[in-house]
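[1] Need the 3D shape of this:
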Amino acid sequence: MVFWEEYVSDESMGTFAPILVYWLYAGMYQLLPPLRRYRLHTRKEEEERNLVPLSSVVRGVLLQQLVQAIVARVLFLVTGDEGSTGTFVQPSILIQLLQIIIAMIVMDTWQYFVHRYMHQNKFLYRHIHSQHHRLVVPYAIGALYNHPLEGLLLDTFGGALSFLISGMTARTAVFFFCFAVMKTVDDHSGLWLPGNIFQMFFQNNTAYHDIHHQLQGTKFNYSQPFFSTWDKILGTHMPYRLLTRKEGGFEARPMKD
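    All right, here's what the predicted structure looks like:
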């Protein structure tokens, strides 16, 4: 039993909980004090180098989430978790963990190849993917700031495939997609915080993705949101050194293998 069971369906939670988690988690980062000693870029860099205002970023994210919610509702309607008797059967914890691992692999694979192709195809980069790279200095609320077509192809379709191929239920999907959203937001936060579990347990983390947003790294570190496996297999992995800046904070500096 889960706490929402008496109030809303798993399908509704699977649709709207990731959106709520996104704004709560990203909003927390946005409302934190400057935390200069933990930033990968200074506030001045963020203000001067980014090419899109916060208001446009918020509108872009809301549009993507609207599309995601529509697709999620259709997906849950088509698949359904209840049998003809209406009896709900939730798989064991072990099966759910296996499904989540499969979903992570599927999502990473889909996003790596679509993301990489959007960089390699000049038309797609210029007209589609470059919108995300207007945030030269990433921040949390901009994690899902994409061209609507990219949001559909990269994130929404990737999520749908992960759900379908893993065979997870809507209830398991609530936990998986909320976790994936938090991971994605964290990767774009621009903060290297002590004790951050995402940065401790994942090589593909805030600093790793920050390299991709730098000029020297735009052809590297395509992997997202979980592992760096495909980058390492296919030669697009760029390691980094995390240096301490004299004026406070850190710098993720690319280095060749």
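
[2] Of all the helix elements in the protein, which one is longest?
    Counting residues, the longest helix found in the chain (DSSP state H) is helix 93-120.

[3] Give me the helices and strands touching that helix, please.
    Contacts of helix 93-120 with other secondary structure elements, assessed using 3 or more C-beta pairs under 8 Å, 6 or more residues apart in numbering; DSSP states H and E, are made with helix 122-127, helix 157-166, helix 170-187, helix 229-233. The way it works is simple: take the backbone N, C-alpha and C, and place the C-beta from them, glycine included.

[4] Pull the helix or strand just after the longest one out as CSV, backbone CA atoms only.
    Right, helix 170-187. Tracing the chain C-terminally past helix 170-187 and defining elements by DSSP states H and E, one meets helix 197-201 next. Output for helix 197-201, consisting of C-alpha atoms alone and laid out as CSV, is shown next (Å, rounded to 0.1, in the frame of the first residue of the first chain):
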residue,chain,number,x,y,z
ILE,A,197,23.9,11.2,-3.4
PHE,A,198,23.5,11.8,-7.2
GLN,A,199,27.1,13.1,-7.4
MET,A,200,28.4,10.4,-5.1
PHE,A,201,26.9,7.4,-6.8
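
[5] any weak-confidence spans in the stretch 1-150 of the chain?
    Low-confidence segments of the stretch 1-150 of the chain, defined by pLDDT under 70, are located at 81-88.

[6] Swap in 80 and give it another go.
    Applying pLDDT under 80 to the stretch 1-150 of the chain picks out residues 1, 80-88.

[7] can you give me the helices in it?
    Listed in chain order, the helices of the stretch 1-150 of the chain (DSSP state H, counting those that start in this stretch) span 10-31, 43-49, 54-79, 93-120, 122-127, 148-150.

[8] buried stuff in the shortest one?
    Using 16 or more other C-beta atoms under 10 Å as the test for burial, helix 148-150 gives Glu150.

[9] Also the second one?
    Neighbour counts using 16+ other C-beta under 10 Å place Glu46 of helix 43-49 among the buried residues.

[10] contacts for it?
    With contacts defined as C-beta atoms under 8 Å, 6 or more residues apart in numbering, helix 43-49 is touched by Pro34, Arg36, His41, Val136, Val137, Tyr139, Gly190.

[11] Identify the residues contacting the residue nearest the centre of the chain.
    Central residue check for the chain by C-alpha atoms, centre = their mean: the C-alpha nearest the mean position is that of Thr184, 2.6 Å away. With contact set as C-beta under 8 Å, 6+ apart, Thr184 has these partners: Ala143, Leu144, Gln224, Pro225.

[12] what's the distance between the first one and Ile165?
    Ala143 sits 24 Å away from Ile165 when distances are taken as C-beta to C-beta, to the nearest Å.

[13] Give me the more crowded residue out of those two.
    Neighbour count, other C-beta atoms under 10 Å: between Ala143 and Ile165, Ala143 has more, with 28 against 16.

[14] my guess is that one contacts Met182, does it?
    No - distance between Ala143 and Met182: 9.8 Å, which falls outside the contact criterion (C-beta atoms under 8 Å).
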